[in-house]
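In: pasting a predicted model and its sequence here:
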Amino acid sequence: MVDRSDEKLDRFLREAFPIVDVSPDFTLRLWRRLVKQPIRPGWLVPFPMAGLAAAMGVFAGIFLWGHWNFGQDPTIVAVLRQQERLDLFGNAPFDTLAGAYLTLSREAKG
Amino acid sequence: MSEDQNLLAGVADRDPEVFRTLMEGYVGGVFNLAYRFLGTRADAEDIAQDVFLRLYQHPPSLDIQTKLFTWLYRVTVNRCLDLLRQKSRRPASISLDAPVDPAEMEGQTLAERIEDPAQRNPRERVAQMDRMAAVRKGIELLPLELRAPLILAAIEELPHEEIARILSLSPKAVERRIARARQLLKQRLSSYL
């Protein structure tokens, strides 16, 4: 059995919230918004985001390249040691920085 | 393929005629639902526009059992609840230039209404306005989780199963919330009942 107060409450609720029509220009405004916002495929990221991602990729690449390379041979001494090889005449090669350094340091020692 | 799925396929194909047909069929329901949640025409129209914009840009892929109406109402309710949560964090304000009750007095502002001497049956009219304001205030004071099922049940007159689908709740939970909302509202409106 429905309480009279329930019936009244339902009536008051419908009275307080009558059916309302949308504004006459509602459709026009919606079409304007639809025209202004072209459909963008999901995979197409906005240009600033693509630029940021590319920049981050470049930095990450440089960092990792340096990290891996210096990880194998981390000190400049080791680089020099690798270059410390003499030619047939007992001279260090002069065409590299390391060779030139070795040659000059030997000459300086006399 | 259901009729709704046909319509959505047309929307996905960017057929403006299909979208127009669909919008004309549902705009009244979506707008009125938002208006009942938010209480202002401007907010309700913004929400209705957002809902149809989303429908056009990302038409849902519904299974044969889900009605488009359910999806539209679910999106509308969620958007309204989001907006109400945002507004609850901001201080409220009343503008003298804002229309008081668009349904009753289209375009009339609060200032005009206060000054208007030519009201028919003024005592009755005042009593009705007072009651309507009390009901609206009562609804506004309900917690959001109770407000949504009550509006959908008592004002939109939807069956509990449909409300459960819209709010992603069980029918039992919907029944409990409606009963609790009615109880709270009756307490607040006891002088009118």
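Out: Perfect, I can see it now.

In: for the spatially most central residue of chain B, helix, strand, or coil?
Out: Among the residues of chain B, the one closest to the centroid is residue B:33, at 2.3 Å (Cα atoms, centre = their mean). At residue B:33 the chain is in helix, as set by DSSP: H, G, I helix; E, B strand; the rest coil.

In: which residue is the nearest non-sequential neighbour of the residue in chain A that chain B sits nearest to?
Out: Among all residues of chain A, residue A:16 sits closest to chain B, at 3.9 Å; criterion: Cβ to the nearest Cβ. All C-beta atoms are positioned from the backbone trio N, CA, C, and that covers glycine. Leaving aside its chain neighbours, residue A:16 sits nearest to residue B:135 (3.9 Å; criterion: Cβ to Cβ, 6 or more residues apart in numbering or on different chains).

In: tell me who's in contact with the one you found.
Out: Contacts for residue B:135 (Cβ atoms under 8 Å, 6 or more residues apart in numbering or on different chains) come out as A:12, A:13, A:15, A:16, B:185, B:189, B:192.

In: identify, from these, the entry nearest to residue A:65.
Out: Distances from residue A:65 to the contacts of residue B:135, taken as Cβ to Cβ, are shortest for residue B:185 (68.3 Å).

In: which secondary element of chain B has the worst mean pLDDT?
Out: When the helices and strands of chain B are scored by mean pLDDT, DSSP states H and E, helix B:110-115 comes last with a mean of 50.

In: if you could redo that for chain A, that was the one I meant.
Out: Scoring the helices and strands of chain A by mean pLDDT, DSSP H and E places helix A:76-83 at the bottom, with a mean of 56.

In: quick one: name the residues of chain A near chain B.
Out: Listed as neighbours of chain B in chain A under the rule Cβ under 8 Å from any Cβ of the partner chain: A:5-6, A:8-10, A:12-23, A:26-27, A:29-30, A:33-34, A:37, A:39.

In: pull out the buried residues from the residues you listed.
Out: Buried subset of the residues of chain A next to chain B (neighbour count, 16 or more other Cβ atoms under 10 Å in any protein chain shown): A:9, A:10, A:12, A:13, A:16, A:17, A:20, A:22, A:26, A:27, A:30, A:34.

In: helices - which of these land there?
Out: A:9, A:10, A:12, A:13, A:16, A:26, A:27, A:30, A:34 (DSSP state H).

In: ok and the residue in chain B nearest chain A?
Out: Relative to chain A, the nearest point of chain B is residue B:135 (3.9 Å; Cβ to the nearest Cβ).

In: got the buried residues for the strand or helix carrying that residue?
Out: With elements taken from DSSP states H and E, the one containing residue B:135 is helix B:122-141. Buried residues in helix B:122-141, counting neighbours by 16+ other Cβ under 10 Å, are found at B:131, B:132, B:134, B:135, B:136, B:138, B:139.

In: can you check stretch B:75-82 too?
Out: Applying 16+ other Cβ under 10 Å to stretch B:75-82 flags B:75, B:76, B:77, B:78, B:79, B:80, B:81 as buried.

In: go on, stretch B:55-73?
Out: Neighbour-count burial for stretch B:55-73 flags B:55, B:56, B:59, B:60, B:66, B:68, B:69, B:70, B:71, B:72, B:73 (criterion: 16+ other Cβ under 10 Å).

In: so the fifth one is in which element?
Out: Assignment of secondary structure by DSSP H and E places residue B:66 within no helix or strand.

In: where does it fall, phi/psi-wise?
Out: Main-chain torsions, residue B:66, degrees, to the nearest 10: phi -90, psi 130.

In: check contacts around it.
Out: For residue B:66, the contacting residues are residue B:165, by Cβ under 8 Å, 6+ apart.

In: tell me, what's the model's pLDDT at residue B:32?
Out: Residue B:32 is assigned 93 on the pLDDT scale.

In: what's the local residue count around residue B:143?
Out: By other Cβ atoms under 10 Å in any protein chain shown, 11 other residues sit near residue B:143.

In: confidence score at it?
Out: So, for residue B:143, pLDDT stands at 93.

In: do residue A:20 as well
Out: Looking at residue A:20, its pLDDT is 87.

In: quick check: residue B:36 touching residue B:155?
Out: Yes: if you go by Cβ atoms under 8 Å, residue B:36 and residue B:155 touch, sitting 5.6 Å apart.

In: overlap in contacts of these two?
Out: Shared contacts of residue B:36 and residue B:155, defined by Cβ under 8 Å, 6+ apart, comprise residue A:17.
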